[in-house]
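Novice: 3D model of this:
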Amino acid sequence: MPVALDYYRITPDATDAEFLAASKLYARAVVDDRDLSVSVSELEWEISKRAKRRAGAVKHRDGVPKTVSLTWGYFETHGWSGVAEIIRHELIHVHLLNTAGDGSHGAAFEALADQLDTRVTCDRFSDPKWWIVCEGCGHKFGRYRRSEVVKSPESYRCGECGGSLRVEAGPDNG
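Specialist: I've put the predicted structure just below:
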């Protein structure tokens, strides 16, 4: 881990302002420790209380990073250490946008993710409303919105094996 977490640790009873303050302090420490091309103070920092699939995001305009968004639900389920990992993940995006104009999860991202002890994808932290299940291989795809495949699974095939699909309600959608 690039920077000790305990100094910045907050608990789920933190206010939004405390959460964002700790997140920015931790981000500055990571940037300084790893010499990333990120100006934490020039970025807007926000909390998403609606996101269900992403733990964080970098919003950018014309390849210029503008905002780092962190998801409160991820904090509630994974704690401060989980959010710290997401902060490192988002800092990599900002760094690569600044240095290479590349906000993807490509090879450069993967190399830095390894160095900063973070992953390319986050763990699921909320239950999907629907599961798309392949009749052939049993592969399950979570869906949080009533998309076309949820409405008409018979019109689609499994991307893994080509099998038929069916929809199952998630735990909070039954």
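
Novice: show me where the protein has strands.
Specialist: Using DSSP state E, the strands found in the chain span residues 44-48, 56-61, 64-71, 130-134, 140-143, 165-169.

Novice: dump these to CSV, plus mean neighbour count.
Specialist: Where you see a C-beta, it was placed from the backbone N, CA and C, and this is true even at glycine. Compiled in CSV, the strands of the chain are given as follows (neighbours: other CB atoms under 10 Å):
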stretch, mean neighbour count
strand 44-48, 15
strand 56-61, 16
strand 64-71, 19
strand 130-134, 20
strand 140-143, 14
strand 165-169, 14
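
Novice: strand 44-48 and the lengthiest helix in the chain, what's the angle between them?
Specialist: Longest helix in the chain, counting residues (DSSP state H): helix 72-100. Helix 72-100 runs at 150 degrees relative to strand 44-48, counting by axes from the mean of the first three to the mean of the last three CA atoms, to 10 degrees.

Novice: mean pLDDT lowest where, among the strands of the chain?
Specialist: Set side by side, those differ in mean pLDDT, and strand 140-143 is lowest with a mean of 84.

Novice: give me the low-pLDDT residue ranges for the chain?
Specialist: 1-2, 4-7, 122-125, 172-174 (pLDDT under 70).

Novice: show me how it divides into domains.
Specialist: 6-115, 130-169 (automatic domain parsing).

Novice: with distance to residue 108 added, can I get the strands of the chain in TSV?
Specialist: TSV is the format used below for those (distance: least, CB to CB, whole Å):
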stretch	distance to residue 108
strand 44-48	24
strand 56-61	15
strand 64-71	15
strand 130-134	32
strand 140-143	28
strand 165-169	35
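
Novice: before we move on, back to that, list the buried residues for the longest helix of the chain?
Specialist: If you call a residue buried by 16 or more other CB atoms under 10 Å, then helix 72-100 has these buried ones: 72, 74-75, 78, 80, 82-98.

Novice: name the helices or strands packed onto it?
Specialist: helix 16-34, strand 56-61, strand 64-71, helix 107-115 (3 or more CB pairs under 8 Å, 6 or more residues apart in numbering; DSSP states H and E).

Novice: how about these in a markdown table, adding distance to residue 43?
Specialist: As requested, the helices and strands packed on helix 72-100 are exported to a markdown table (distance: least, CB to CB, whole Å):
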| stretch | distance to residue 43 |
| --- | --- |
| helix 16-34 | 8 |
| strand 56-61 | 8 |
| strand 64-71 | 5 |
| helix 107-115 | 18 |
